[in-house]
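Novice: generate a structure from the sequence data that follows.
(one chain, ligands or ions: 2)
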Amino acid sequence: MDHLWQLIAESYTGYFNYLRSEILVPSWHNYFYWLVALSVGVWLLEIIFPWRKEQAALRKDFWLDGFYMFFNFFLFSLIGYNAISNVAVDLFNQFLGQFGLENIVAIKLDTWPYWSQLLLMFVIADFIQWNVHRLLHMSPRLWEFHKVHHSVGEMGFAAHLRFHWMETVIYKTLQYIPLAMIGFGIQDFFIIHIISVAIGHLNHANLKITYGPLKYVLNNPVMHLWHHAYHLPAGRYGVNFGISLSLWDYLFRTAYVPTDTGTEKLGFEGMEQFPTSFQGQLVFPFRKKKSPAQAQHLSNKVTSPL
Ligand SMILES: [Zn+2]
Ligand SMILES: [Zn+2]
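Specialist: Ligands and ions are numbered 1, 2, ... in the order given. Predicted structure coming up:
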């Protein structure tokens, strides 16, 4: 048990030192400055070539989404995720040790060329995330968390990282085992993360880009705006679930891009009652909600003369 406490303490101090050096020592291998540079770059493109010309450069929720961006990318890890995940991985490895196993690697790719390993990791992780994203829409319980991301009324690049911290836990937990089963020879997937951030920023940007014929492979702002549409096609729980790649939506027939006017109303039914502050959105999914039947019952009580 002491060992686990020590791991938690080391996770905090280790991550704190990492974050401090990220900010104080700029380098090419630095998430903080890449995030700042990509954000400024995509924001400038939005200002120079806006798709929805009437949308302000400092659109509604710009600062809230900017805060989410740094919270989800840096602070949440500092507050707890790093410690929780280190403990979980340690317990998982101890569990494997009970069976005399050191890891769960089923396929070894360590002899593959560097770039092909990176590409495969990118494609596999993206496919897992596409499935997790569908799950966030299908499961009523998980949808309560995912509503935060869909509560954007005006779309811009910073909405990319506007999501509830539980999403990080859900995505990372569900992709841990499948990815741990592949024995990559490289540890450093920094470049994949940076490319994913760039594509994700562009997907949410106020830019009319579709990448021509590459739209069948790469997710893009026109396609992803429809993912955020208030009105869904009848009988569908969602469309365009792609994260970086649109390929999965075309392969599994969840792609839907009827027009490219960019004027579609965004959000979800009942968004008018959704909290607008960071703190409100943080606790919203954990609050007990009345079922429609209960709510009806209560309103009957209030209005009924009996
Ligand atoms: Zn979604
Ligand atoms: Zn989105």
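Novice: make it CA atoms for all contacts and neighbour counts henceforth
Specialist: Noted.
Novice: contacts for the longest helix along the chain, please.
Specialist: Using DSSP state H to assign secondary structure, the helix with the most residues in the chain is helix 114-138. Contacts with helix 114-138, where a contact means CA atoms under 8 Å, 6 or more residues apart in numbering, come from 109-110, 142-143, 145-146, 171, 174-175, 179, 184-186, 189, 192, 237-238, 241-245, 248.
Novice: the stretch 101-250 of the chain: strands as residue ranges?
Specialist: 107-108, 182-183 (DSSP state E, counting those that start in this stretch).
Novice: winner for burial among those?
Specialist: Neighbour counts (mean count of other CA atoms under 10 Å) averaged over each of the strands of the stretch 101-250 of the chain peak at strand 182-183, with a mean of 16.
Novice: name the strands paired with it and say parallel or antiparallel.
Specialist: With DSSP bridges as the test, strand 182-183 is paired with strand 107-108 (parallel).
Novice: quick one: mean pLDDT for the strand it pairs with?
Specialist: Averaged across strand 107-108, the pLDDT comes to 86.
Novice: residues making contact with it?
Specialist: For strand 107-108, the external contacting residues (CA under 8 Å, 6+ apart) are 181, 182, 183, 184.
Novice: apply 6 Å and report the result again.
Specialist: Residues lying outside strand 107-108 but in contact with it, judged by CA atoms under 6 Å, 6 or more residues apart in numbering, are 182, 183.
Novice: same check on stretch 271-287?
Specialist: The list of residues contacting stretch 271-287 from outside it, by CA under 6 Å, 6+ apart, reads 144, 145.
Novice: got the end-to-end distance for that stretch?
Specialist: Across stretch 271-287, the terminal residues are separated by 16 Å (CA to CA, to the nearest Å).
Novice: and what of stretch 56-73?
Specialist: Terminal residues of stretch 56-73 lie 25 Å apart, using CA to CA.
Novice: quick check: mean pLDDT of that stretch?
Specialist: Along stretch 56-73, the predicted local confidence has a mean pLDDT of 94.
Novice: name the residues of it that are buried.
Specialist: Of the residues in stretch 56-73, those buried by neighbour count under the rule 16 or more other CA atoms under 10 Å are 57, 61, 62, 65, 66, 67, 68, 69, 70, 71, 72, 73.
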